[in-house]
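Q: All I have is the shape, not the residue letters:
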Ligand SMILES: O=P(O)(O)O[C@H]1O[C@H](CO)[C@@H](O[C@H]2O[C@H](CO)[C@@H](O)[C@H](O)[C@H]2O)[C@H](O)[C@H]1O
């Protein structure tokens with residue numbers, strides 16, 4: 001069968017970014033640039049030309065930006081996304097007969113050949129363009145066509161001046177002949193989020209631990225903690241589930257399955273007679289208290305992130321009202337949830353293969369809409385990898401269509417492909433393996449992967465040195481210096497990071513038993529009191545580091561992250577900078593929490609916009625010291641004093 005149009009000679013291939021053949025969108029935040037690269041070429045020697053077309057998905061009008069050649073038939077163009085929501089982009093390319101003609105005639109003139117017929121051909125192209133143009137441009141092009149026709153072969157100077165005039169070229173570029181243009185056969189999507197998606201500083205807090213000693217804390221008590229958390233410089237306050245907690249199979253302190261009558265249970269064991277995912281734990285307060293809490297947090301510049309844990313305690317109303325949403329075993333019981341080797345005896349997982357999946361999906365979506373209505377704009381999603389991918393793609397897509405400012409953080413610690421897929425189906429941010437990566441090699445290779453194509457386009461890392469589930473042995477054994485080191489790394493390697501506090505700032509390091517990553521007397525199972533004024537706390541460092549992040553744009557994105565050589569395996573060095581080098585930050589960290597380490601860091605100065613033959617000044621934003629640096633620099637860091645340098649580069653002009 002003949003193609004509908006066989007005269008489209010340009011081939012378009014190798015477009016980037018394009019995720020899985022265009023199946024998934026890339027991610028950007030408002031005001032960010034999208035750089036598109038593509039191979040375009042045609043048969044023969046004709047010159048090709050092309051544009052990247054882009055538009056918000058809801059608009060019918062394309063904007064265009066001209067592609068420029070890089071090398072070897074590879075072209076590039078960049079554009080900026082300025083609105084929240086989804087955009088699409090594609091490529092259009094054509095054989096440019098005018099530019100091909102111009103290039104050919106230039107060579108012939110240079111070789112002194114007769115170009116009288118070529119001039120007439122060019123005039124014809126210009127005339128045709130005048131028909132495509134309107135207004136003054138059309139008049140000008142007609143004049144140009146007449147001028148060309150009047151040129152005599154003998155007028156060598158005029159010949160060159162007129163035919164090769166940049167003004168004529170600019171005018172012709174406005175009206176190319178795209179009759180036989182090739183359009184890339186896909187429109188590729190972009191999800192454009194608000195800035196907090198790419199730069200955020202999280203603090204995880206159990207509100208029930210904010211009360212008077214020995215009493216269950218309320219939202220009102222937690223409200224009193226807001227100035228402290230805001231003062232430390234956090235802008236997202238994440239609360240573990242705030243719903244009623246079940247009684248059947250409730251867990252006791254330290255994850256025992258034999259609770260005392262006064263044990264408070266685990267917040268993730270959601271649902272009791274008092275309600276399910278749309279209810280508030282009666283001991284925390286009521287919906288009005290919650291809304292007040294959200295508003296107060298906003299007054300302190302913080303957003304509340306709510307935990308979205310789609311699972312039910314055996315007492316959850318869904319278990320009675322929708323038994324079909326759970327998988328019943330032949331004996332009629334429901335298997336409790338697991339994330340091997342962890343056992344969650346107090347919760348039932350939802351069965352995403354239920355016959356009634358449409359109603360289930362709608363109900364789960366309604367949970368999100370319910371809390372959006374109460375002022376929540378960020379959801380930290382518990383264990384998303386244990387729920388079906390099609391559900392997430394649908395639910396997040398639906399929610400973001402109407403509420404494009406809403407963000408979802410995927411709390412999945414699982415296989416890399418699964419984690420990336422969750423990001424592709426819509427999660428705005430993702431937890432990472434940072435918590436377990438402590439060596440220079442691990443950190444370098446992992447962050448190089450996260451900041452390279454294609455991960456960079458889809459996966460926004462949110463790194464946590466600790467969580468209520470993970471007290472890494474590095475923190476267990478490394479003492480206060482270990483907490484300082486991991487904080488400095490998290491806050492500077494990734495634009496999104498968080499800590500589980502106050503356990504972090506008070507350097508809580510006792511595991512439930514040797515070899516376990518679980519905390520002793522974990523706040524997941526009991527109310528805890530924390531000494532926020534202990535002399536051991538690292539809150540001053542946290543405050544300082546968060547201030548540095550806010551004041552330095554270089555640290556608010558991951559895209560420029562580059563690692564530099566160091567002569568000592570215990571010392572890691574990396575840099576970040578803004579596109580125009582207005583803000584350049586070099587970070588050096590001693591990874592050894594036990595010993596002073598020293599060595600030489602060798603910087604790739606061209607990556608930092610610095611002249612390799614000139615020294616420059618660095619200002620340590622942690623200690624306020626100044627040093628004069630060059631390409632190779634000696635460093636010495638005592639982890640008991642300050643295990644890191646965060647250096648602002650001041651070029652000497
Ligand atoms: O499975 P993950 O390591 O990703 O952990 C997340 O989900 C767990 C289940 O929701 C949650 O576990 C906690 O709640 C369970 C249900 O109440 C309880 O059985 C577990 O003992 C408790 O750790 C975990 O905190 C969350 O981060």
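A: Noted; the coordinates are in hand. Bear in mind that the values here come from a model prediction, so they are computed numbers and not experimental data.
Q: got the contact list for the helix or strand hosting residue 39?
A: Using DSSP states H and E, residue 39 sits within strand 33-41. Contacts with strand 33-41, where a contact means C-beta atoms under 8 Å, 6 or more residues apart in numbering, come from 10-17, 26, 28, 48, 50, 52, 54, 67, 70, 73-81, 89, 91, 93, 184, 190. In short, each C-beta sits where N, CA and C put it, glycine included.
Q: Show me which of those are buried.
A: Among the contacts of strand 33-41, those classed as buried by 16 or more other C-beta atoms under 10 Å are 10, 12, 15-17, 26, 28, 48, 50, 52, 54, 67, 75, 77, 79, 81, 89, 91, 93, 184, 190.
Q: quick one: contacts for residue 379?
A: 305, 306, 307, 308, 368, 371, 406, 407, 408, 409 are the contacts of residue 379 under C-beta under 8 Å, 6+ apart.
Q: An error on my part: the question was meant for residue 140.
A: residue 171.
Q: quick one: it from the ligand, how far?
A: 66 Å (C-beta to the nearest ligand atom, to the nearest Å).
Q: What residues sit buried inside the helix or strand hosting that residue?
A: Residue 140 is part of helix 135-150, with elements assigned from DSSP H and E. By neighbour count on 16+ other C-beta under 10 Å, the buried set for helix 135-150 is 140, 141, 142, 144, 145, 147, 148.
Q: ditto for stretch 52-72
A: 52, 53, 54, 55, 56, 57, 65, 67.
Q: which one of those residues sits closest to residue 161?
A: Closest approach to residue 161 among those (C-beta to C-beta): residue 67, at 28.2 Å.
Q: who touches the closest one in this structure?
A: By C-beta under 8 Å, 6+ apart, the contact set of residue 67 is 38, 40, 49, 50, 51, 52, 75, 76, 77, 91, 93.
Q: can you check residue 638 too?
A: Under the criterion of C-beta under 8 Å, 6+ apart, the contact list for residue 638 reads 590, 596.
Q: rerun that using 6 Å as the cut-off
A: Going by C-beta atoms under 6 Å, 6 or more residues apart in numbering, residue 638 touches residue 596.
Q: what's the first-to-last distance across stretch 329-336?
A: Start and end residues of stretch 329-336 are separated by 11 Å (C-alpha to C-alpha, to the nearest Å).
Q: Note down every partner strand of the lengthiest strand in the chain and its orientation.
A: Scanning the chain for the strand with the most residues, using DSSP state E, yields strand 85-95. Strand 85-95 has the following sheet partners, assigned by DSSP bridges: strand 48-56 (antiparallel), strand 182-183 (antiparallel), strand 188-193 (antiparallel).
Q: Can you point out the helix or strand that includes whichever residue of the stretch 1-150 of the chain sits closest to the ligand?
A: Closest contact between the stretch 1-150 of the chain and the ligand, by C-beta to the nearest ligand atom, is at residue 27 (22.7 Å). For residue 27, the element it lies in under DSSP H and E is strand 26-29.
Q: Just give the closest residue to the residue nearest the centre of the chain, not the sequence neighbours.
A: In the chain, the centroid-proximal residue (C-alpha atoms, centre = their mean) is residue 460; its distance is 2.6 Å. Nearest non-adjacent residue to residue 460, counting by C-beta to C-beta, 6 or more residues apart in numbering: residue 429, 4.6 Å away.
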